[in-house]
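> could you work out the structure for the sequence below:
(one chain, ligands or ions: 1)
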Amino acid sequence: MLMRKVPGFVPASPWGLRLPQKFLFLLFLSGLVTLCFGALFLLPNSSRLKRLFLAPRTQQPGLEVVAEVPGQPSARVQELPPNPAPAVPAPGKDDPSSQARTRRRKGSLRRTYPTGPRQEATEPRSSGLIEAPRSQEGSIPFSFDFNAFRSRLRHPVLGTRIDESEEPQSLVRTQREKVKEMMRFAWQSYKRYAMGKNELRPLTKDGYEGSMFGSLNGATVIDSLDTLYLMELREEFQEAKAWVEENFHLNVSGEASLFEVNIRYIGGLLSAFYLTGEEVFRIKAIKLGEKLLPAFNTPTGIPKGVVNFKSGSNRSWGWSTAGSSSILAEFGSLHLEFLHLTELSGNPVFAEKVRHIRKVLRKIDKPFGLYPNFISPVSGNWMQHHVSVGGLGDSFYEYLIKSWLMSAKTDIEAKEMYYEALKALETHLLNVSPGGLTYFAEWRGGILDHKMGHLACFSGGMIALGAEDAEEEKRAHYRELAAQITKTCHESYDRSDTKLGPEAFWFNSGREAVSTQLSESYYILRPEVVESYMYLWRQTHNPVYREWGWEVVTALEKYCRTEAGFSGIQDVYSSIPSHDNKQQTFFLAETLKYLYLLFSEDNTLSLEDWVFNTEAHPLPVNHSDSVGGAGDQL
Ligand code: DMJ
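Okay, here's the model as predicted:
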């Protein structure tokens, strides 16, 4: 109906209000809106509403982040023209976290520490709040406060440095510089002949892809990032970072090892992020983590060892009890990285997956308290009663004690599981040879193989690391046990012609700490022995560990250095080396890093602030004060 204007008639509003009433109503309405909007700011940090409704507080200056989605081209992180706000600088710039400071937290006084003139590598971005990338489903309502994280560290990341011009030319400095030179040489050789491939083949001067990484490339680049950063090899670090930005694509379709991708790629990317605050590392770590999730689609939730990046199917390794088992060291070495993936993404799925594994392991019956190496991901039953501290079992034990430490000593369950497991290993696998050497044998349903793998030599360091949190009356015992095992592993090196240790060594037929066949006499640049030297050095400051570390440096130079990089050797008992033509990624990630740390100050990547994953990638201890946030899950 058409309304006609009638003279003298003041039309009512559609709601029948007159002007003063309308004014009052509008006033009330605007007050209500202001109140509601203001309330958003008062919500706790973890509130989803707040994350959803408040605009991102900080866009990274100079960075444009475009998401990587499955099956699409990789994340694009584009440097924009220089920004007045400081971008994350290259290694060597000042670090606010290293400023002299005294902080009070949870009612206790923290230590004060001085700033060295040559501090570290990254100044956190100006605001420090890091926003999540966009995903296929839209933006992930999550932010990570990098500045707050850095301010909670107890020590400057790279330790308290003394200006080189003022530091007297000491032996230890010369040793440290030598290790740095080896790293530069290993990196430059890789870059020259194999950049972007997974590993360098130094004899043939080309690259090697291997089949463990599901056609992901650049394993050496990712594994090297934090070592380059730590050693302040700035130019090399920038080369590695640029490669990740431009060439590290995740839209691959092969079959990958869940374990290897996790410890090398995800571990490497996470560390690179925590050291630098560079978004590209965080995004790629999370996206790669998502690609691993199909491995967990099993009836028990115990993941299978192999995941197909294209189809999302999974399978067990063919060699694992006729293709039917998951391996303890593999599914037991995800906990540290997966908790950090949740911490950095706000996505609880990663933490849920590893917590579930823990629950299954906690419940299941364990023969004599031991954890066998093979379990069915379908039935949840142990498949073979083979127990070892070395290959197939090793890093499961390591991740228990490190979960405890990474949680800032709140994950009591991990601590209990670790000491219970160690007790069972001591009771059933530990031996002393007639010559007085302490070693872990391998257990097969109650029968012992008196053999110790090179891989098992990490256990000296692990036991040293865990000694301080044991029951008081056991601490001295664990310190001594750690020292004895490390001594045995040193013997395995010392008894060879090259002063490098074999892949496995035996204690039988009157022979001790030597391998008995050529097929076990190789050395592939493995880190476990120097890893233990590093932990034992930090615990005891006994100079013998630096001496032993230096013996390794000398031997590597003599027998493993080639014209175009470092190579493993096929027989440690022959002083005429036969090279295996492979510079393993863990040589750059672990062996050289642990050697460098052995010749550095204790507060360089301090063990109060960091735990090393099993590929030696440092992950931060959760010093978070927050309640209700993802940080609590660490
Ligand atoms: C590394 O990849 C890791 O340390 C893993 O836990 C087993 N060993 C190799 C190096 O020897």
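> alpha carbons of stretch 601-613, in CSV - could you do that?
This file holds the C-alpha atoms of stretch 601-613, laid out as CSV (Å, rounded to 0.1, in the frame of the first residue of the first chain):
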residue,chain,number,x,y,z
GLU,A,601,81.0,-22.8,27.0
ASP,A,602,78.3,-24.7,28.8
ASN,A,603,75.8,-21.9,28.3
THR,A,604,76.0,-22.3,24.5
LEU,A,605,72.6,-23.9,23.8
SER,A,606,72.4,-24.4,27.6
LEU,A,607,70.8,-27.6,28.8
GLU,A,608,68.6,-25.5,31.1
ASP,A,609,66.9,-24.0,28.0
TRP,A,610,67.1,-26.7,25.3
VAL,A,611,66.8,-30.4,24.7
PHE,A,612,68.3,-31.9,21.7
ASN,A,613,66.1,-34.2,19.6
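> what sits up against that stretch?
Under the criterion Cβ atoms under 8 Å, 6 or more residues apart in numbering, residues 113, 153-160, 230, 263, 267, 271, 333, 336-337, 402, 405-406, 465, 538, 597, 618-621, 623 lie in contact with stretch 601-613. The way it works is simple: take the backbone N, C-alpha and C, and place the C-beta from them, glycine included.
> return only those of those residues found close to the ligand.
Counting by Cβ under 6 Å from any ligand atom, nothing from those sits close to the ligand.
> in helices, which of the residues you listed appear?
Judged by DSSP state H, helices contain the following of these: 230, 267, 271, 336-337, 402, 405-406, 465, 538, 597.
> what helix or strand is the residue of the stretch 251-400 of the chain found nearest the ligand located in?
Nearest to the ligand, among the residues of the stretch 251-400 of the chain, is residue 395, at 4.4 Å (Cβ to the nearest ligand atom). Using DSSP states H and E, residue 395 falls within helix 394-406.
> which helices and strands sit right next to the following helix or strand past that helix?
Downstream of helix 394-406, the first helix or strand assigned by DSSP H and E is helix 412-429. In terms of contacts (3 or more Cβ pairs under 8 Å, 6 or more residues apart in numbering; DSSP states H and E), helix 412-429 is packed against helix 349-363, strand 386-387, helix 394-406, strand 442-444, helix 459-467.
> and the average pLDDT for helix 412-429 is what?
The pLDDT scores in helix 412-429 average 98.
> hang on, isn't residue 422 packed against residue 467?
No - counting by Cβ atoms under 8 Å, residue 422 sits too far from residue 467 to count as a contact (10.3 Å).
> elements contacting the host helix or strand of residue 546?
Assessed by DSSP H and E, residue 546 sits inside helix 543-555. With contacts defined as 3+ Cβ pairs under 8 Å, 6+ apart, helix 543-555 has these neighbours: helix 171-194, helix 472-494, helix 528-540, helix 592-598.
> so what's the residue nearest the centre of the chain up against?
Residue closest to the average C-alpha location in the chain (Cα atoms, centre = their mean): residue 267, at 3.4 Å. By Cβ under 8 Å, 6+ apart, the contact list for residue 267 reads 336-337, 613-615, 617, 619.
> related to what we said a few turns ago, type out the ChimeraX command that picks the buried ones from the contacts of stretch 601-613.
Buried residues within the contacts of stretch 601-613, by 16 or more other Cβ atoms under 10 Å, are selected in ChimeraX with:
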select :113,153,155,156,157,158,159,160,230,263,267,271,333,336,337,402,405,406,465,538,597,618,619,620,621,623
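> between residue 422 and residue 467, who's got more neighbours?
The neighbour count for residue 422 versus residue 467, taken as other Cβ atoms under 10 Å, is higher for residue 422 (24 against 21).
> so how far is the ligand from that one?
Plainly put, residue 422 is 18 Å away from the ligand if you go by Cβ to the nearest ligand atom, to the nearest Å.
> with adjacent residues omitted, what lies nearest to residue 462?
Setting aside the residues directly before and after it, residue 462 is nearest to residue 398 in space (Cβ to Cβ, 6 or more residues apart in numbering), at 5.2 Å.
> cheers, nothing more for now.
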